[in-house]
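S.K.: I would like the atomic coordinates for the input below:
(one chain, ligands or ions: 2)
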Amino acid sequence: MKITRVRTLLSTAPQRDIFMKSRVRRSAAFILIETDTELVGLGETYAGYFVPEMVPEIVKFYEPILVGQSPMDVDVLSRRMFTSGKFWARVGLGSIVLSGIESALLDLKGKALGVPVYELLGGRCHDTLPCYATGGTSPHDRGELEGKVSQYLSLGFHAVKLGAGTYRGPGHPIVGSRTPQEARDVEVSKVEFLRQRFGDSFQLNLDAHMDFLGEADHVWNLATAQFVLKALETYPIGFFEEALPYTDMRAYGELRKSTTIPVAGGETLTSLEEWRDWLEHKPFALAQLDASFMGGIMNFIKIARLCELQGVSIATHAWSSTPGVAANLHAAFACRNTAVCEMAAYNPTRPELNTHIVAPLLTDLWIEPPVIENGRIRLADTPGLGVRLPDGFLDKHPFEPGSGEFSSVTGKILQP
Ligand SMILES: O=C(O)[C@@H](O)[C@H](O)[C@H](O)CO
Ligand SMILES: [Mg+2]
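M.R.: Residues are numbered from 1 along each chain as shown. Ligands and ions are numbered 1, 2, ... in the order given. Here you go, the predicted model:
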């Protein structure tokens, strides 16, 4: 079997969650690998969510490296793509786009052999894994906050992740805490409210997105992060994510040493080498890996094994659409040290519960969706990644230029 063509398919679809009001549509970039047989491979790069317009150009650069080659030699081909650009393909966007191509190769290989991708990665280590619903932002209004958490728990999740710090998401005003005391009070009162309302029946995780918008006034430094986390230690917190920007791996290492709350991070690291350098500083108790971002599924596995050797648990990061989420789940199920999987707040096999959300990119692409029940997720054993683009999907949800999240963020910064 030989690769004949590598295509980028862009799509923009509605994505409305009544609790995340500003998000009304989102984009995704799929990679389709065609062969001289009937088999095709489908993958996704998370770059499609941020900068969809740029993905096809980068894929065109990689395509000649793949055409004429056997898609079965996944690791050799990814390394060839990785080193091909001399400098630009090894980090950032070059590597993020490569993630989608590599996942498509593994999808194809799984389909060719008739096995799910996790079988290609050492096999399934878990029947089910704990998962949590991503709440994205954290409404200031207590009624809204309560409604959101109740809705997410009623979907079958036992854990939720909410925003922390100053992040309110694209389109929301940035209502930041300007002093460490304010920052502490905002977090403590939110956690106290949720514990009073819901008791200890669910796991609460917080994500401060400190690398996201880079508003200097609102970014916590090490001292502030330590101050806030210290105050939260009396409450059960599952993990605290991105309490610091990614500018200083040593600061993450210091933060982790100084708190009993599990420090999580990693969703913006784009290569094996970057991960290796970070892990030397023991920055995370929970390393959050994303196969649709960090150069692919094999990189996920390699870093997960390195974490395992260091006694560190891993989690999936999941903000891509279905093929990206599927890539992460297959990798997660093949790692013994997976602690938890991130999921968008919907239940793929219980559509009647998803009354709060409209998101075709999340719901319509599974061949057989994973089951979420009692706070845990079970992955189907469909060959490859278990995903497909349904007939007519791209006609129904055509790409709209300017729909990447990066576009809206840039617009917001330019027009304060
Ligand atoms: O951990 C998460 O799911 C978030 O940090 C998302 O990646 C982010 O909001 C996307 O812009
Ligand atoms: Mg995050």
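S.K.: From now on I want contacts and neighbour counts done on CA atoms only, so please keep to that.
M.R.: OK.
S.K.: What ranges does the stretch 51-200 of the chain have for its helices?
M.R.: Taking DSSP state H, counting those that start in this stretch, the helices of the stretch 51-200 of the chain run over residues 55-66, 74-84, 92-113, 117-120, 142-154, 180-198.
S.K.: Check those for me and report the most buried one.
M.R.: Ranked by mean neighbour count, these are led by helix 92-113 with a mean of 27 (mean count of other Cα atoms under 10 Å).
S.K.: Closest approach to ligand 1 from the protein, which residue is it?
M.R.: Residue nearest to ligand 1 within the chain (Cα to the nearest ligand atom): Trp319, separated by 5.3 Å.
S.K.: Where does that residue sit: helix, strand or coil?
M.R.: Following DSSP: H, G, I helix; E, B strand; the rest coil, Trp319 is assigned to coil.
S.K.: For it, what are phi and psi?
M.R.: Backbone torsions of Trp319, given as degrees, to the nearest 10, read phi -130, psi 10.
S.K.: Quick check: it touching Asn328?
M.R.: No: using Cα atoms under 8 Å, Trp319 is not in contact with Asn328, being 10.5 Å away.
S.K.: Quickly find the element holding Pro390.
M.R.: Assessed by DSSP states H and E, Pro390 sits outside every helix and strand.
S.K.: Spell out which residues of the protein are next to ligand 1.
M.R.: With the criterion set to Cα under 6 Å from any ligand atom, the chain comes near ligand 1 through 136, 209, 317-319.
S.K.: again, only this time at 8 Å
M.R.: Taking Cα under 8 Å from any ligand atom as the contact definition, the chain meets ligand 1 at 134, 136-137, 169, 207, 209, 212, 241, 267, 317-319, 342, 405.
S.K.: When you compare pLDDT across these, which one is lowest?
M.R.: Lowest pLDDT among these: Gly169, with 44.
S.K.: where does the stretch 101-250 of the chain dip in pLDDT?
M.R.: The model of the stretch 101-250 of the chain has pLDDT under 70 over residues 166-178, 211-217.
S.K.: 80 - rerun?
M.R.: Along the stretch 101-250 of the chain, segments meeting pLDDT under 80 span 136-137, 140, 166-178, 211-218.
S.K.: so how far does stretch 129-141 reach from one end to the other?
M.R.: Across its full length, stretch 129-141 reaches 32 Å between end residues, using Cα to Cα, to the nearest Å.
S.K.: again with stretch 268-277
M.R.: Termini of stretch 268-277 sit 14 Å apart (Cα to Cα).
S.K.: before we move on, back to that, pick out the most distant pair among the residues of the chain next to ligand 1.
M.R.: Greatest spatial distance in the residues of the chain next to ligand 1: Glu241 and Glu405, 20.4 Å, computed using Cα to Cα.
S.K.: what number of residues lie near the nearest residue to Gly123 once chain neighbours are set aside?
M.R.: Spatial nearest neighbour of Gly123, excluding adjacent residues (Cα to Cα, 6 or more residues apart in numbering): Ala334 at 5.4 Å. Using other Cα atoms under 10 Å, Ala334 has 21 neighbouring residues.
S.K.: Look up phi and psi at Gly386.
M.R.: The phi and psi values for Gly386, taken as degrees, to the nearest 10, are phi 70, psi 30.
S.K.: who touches it in this structure?
M.R.: Taking Cα atoms under 8 Å, 6 or more residues apart in numbering as the contact definition, Gly386 lies against 107, 116, 326, 366-368, 380.
S.K.: In ChimeraX, how would I select just the buried ones from these?
M.R.: This is the ChimeraX syntax for the buried subset of the contacts of Gly386, where burial follows 16 or more other Cα atoms under 10 Å:
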select :107,116,326,366,380
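S.K.: Output the contacts of Gly386 as CSV; include the columns secondary structure.
M.R.: CSV is the format used below for those (three-state DSSP):
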residue, secondary structure
Asp107, helix
Pro116, strand
Ala326, helix
Trp366, strand
Ile367, coil
Glu368, coil
Ala380, coil
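S.K.: between the contacts of Gly386, which is nearest Arg7?
M.R.: For the contacts of Gly386, the closest approach to Arg7 (Cα to Cα) belongs to Asp107, at 14.7 Å.
S.K.: Could you list which residues are in contact with Thr338?
M.R.: Listed by Cα under 8 Å, 6+ apart, the contact set of Thr338 reads 129, 313-315, 332.
S.K.: Which one (most neighbours) among those residues?
M.R.: Greatest neighbour count in the contacts of Thr338, by other Cα under 10 Å, goes to Ala332: 31 neighbours.
S.K.: Which helix or which strand is home to that one?
M.R.: According to DSSP H and E, Ala332 maps onto helix 322-333.
S.K.: Now the element after that helix, going C-ward?
M.R.: Assigned by DSSP H and E, the successor of helix 322-333 is strand 338-344.
S.K.: Are any of the residues of the chain next to ligand 1 buried, and if so which?
M.R.: Listed as buried from the residues of the chain next to ligand 1 are 134, 136-137, 169, 207, 209, 241, 267, 317-319, 342, 405; burial here means 16+ other Cα under 10 Å.
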